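Coordinates for the following, if possible.
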Amino acid sequence: MDDEKYTDINGKPITLDYQRHSSFCTEFIVSSPKVSIGTVMVATSFVWIFAYAVFCLTDNTAVLSSAIIITLIGMMLYIHFVKIDHESLLVIGSLGIQLSSSYASGREHTSFIEMSKIKDIVINEAIYMHQIIYYLCILLRDPADASAVSSVVPLFPSSKPRLNCLVKVYKTCQEIISKC
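Numbering: from 1, shown residues only. Reported below is the predicted structural model:
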């Protein structure tokens, strides 16, 4: 591990941890900041103050009850389905690549891509919100034509690390793939 500081495309700090298990196996973990209690309190306060204002105008207690229920359900859904704490990439030279995402609620999503299906790993560029961003992706072979690409699988889609972080992951992945 190194002491270099990494950020996402919005300038928020992220961390890159990696473990080299062997010369053919390396795991990268990109972690995003935890859910900010201040942001949660501001959003909750805004909804509840708005609900209280509506309650004062209508004298309807259902407005307050529904505001509380909606914010609680919204926070639970956000934590369980949207907020990803960390994403990992495990590259095993002769076997394949495992992609994992860990959500703030503890739920995990894992997928595996066999090495025989991988054509290459590249850094690609895209236009995102009036800026050009870079992202790391896996190019999958077309089963009908080995020289063609059938699809593209983006890596770290939630964390969206900047180029300096992507280059570090890219170089190590290329070293492992070239040895196979």
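
can we go C-alpha only for contacts and neighbour counts from here?
Fine.

Helix or strand: which one has residue 120?
Assignment of secondary structure by DSSP states H and E places residue 120 within strand 118-128.

ah, wrong one, I meant residue 38
Using DSSP H and E, residue 38 sits within helix 37-58.

mind checking the backbone torsions on residue 67?
Backbone dihedrals for residue 67, given as degrees, to the nearest 10, come out at phi -60, psi -40.

Remind me what the helix or strand hosting residue 169 packs against, helices and strands.
Counting by DSSP H and E, the element that carries residue 169 is helix 163-179. For helix 163-179, the helices and strands in contact under the criterion 3 or more C-alpha pairs under 8 Å, 6 or more residues apart in numbering; DSSP states H and E are strand 25-31, strand 84-92, strand 118-128, strand 131-141.

Quickly compare these and say which is most buried.
strand 84-92 (a mean of 22; mean count of other C-alpha atoms under 10 Å).

Who are the packing partners of the strand holding residue 120?
Judged by 3+ C-alpha pairs under 8 Å, 6+ apart, the packing partners of strand 118-128 are strand 131-141, helix 163-179.

now the first one: mean pLDDT?
To tie it back to what came earlier, the one meant is strand 131-141. Confidence over strand 131-141, taken as the mean pLDDT, stands at 95.

after that strand, next one along is what?
Next helix or strand after strand 131-141 toward the C-terminus (DSSP H and E): strand 149-154.

Partner strands of that next one, with direction?
Partner strands for strand 149-154, per DSSP bridges, with pairing direction: strand 131-141 (antiparallel).

Skipping its backbone neighbours, what lies nearest the most centrally placed residue in the chain in space?
Per C-alpha atoms, centre = their mean, the C-alpha nearest to the average position across the chain is that of residue 158, at 2.4 Å. Take residue 158 and drop its neighbours on the chain: the residue closest to it by C-alpha to C-alpha, 6 or more residues apart in numbering is residue 84, 6.9 Å away.

looking at the protein, which residue ends up farthest from its center?
Furthest out from the centre of the chain (C-alpha atoms, centre = their mean) sits residue 59, at 43.8 Å.

Run through who's touching the helix holding residue 169.
The list of residues contacting helix 163-179 from outside it, by C-alpha atoms under 8 Å, 6 or more residues apart in numbering, reads 6, 16, 23-26, 28, 91-93, 121-123, 134-136.

Apply 7 Å and report the result again.
Judged by C-alpha atoms under 7 Å, 6 or more residues apart in numbering, the contacts made with helix 163-179 from elsewhere in the structure are 6, 24, 91, 93, 134, 136.
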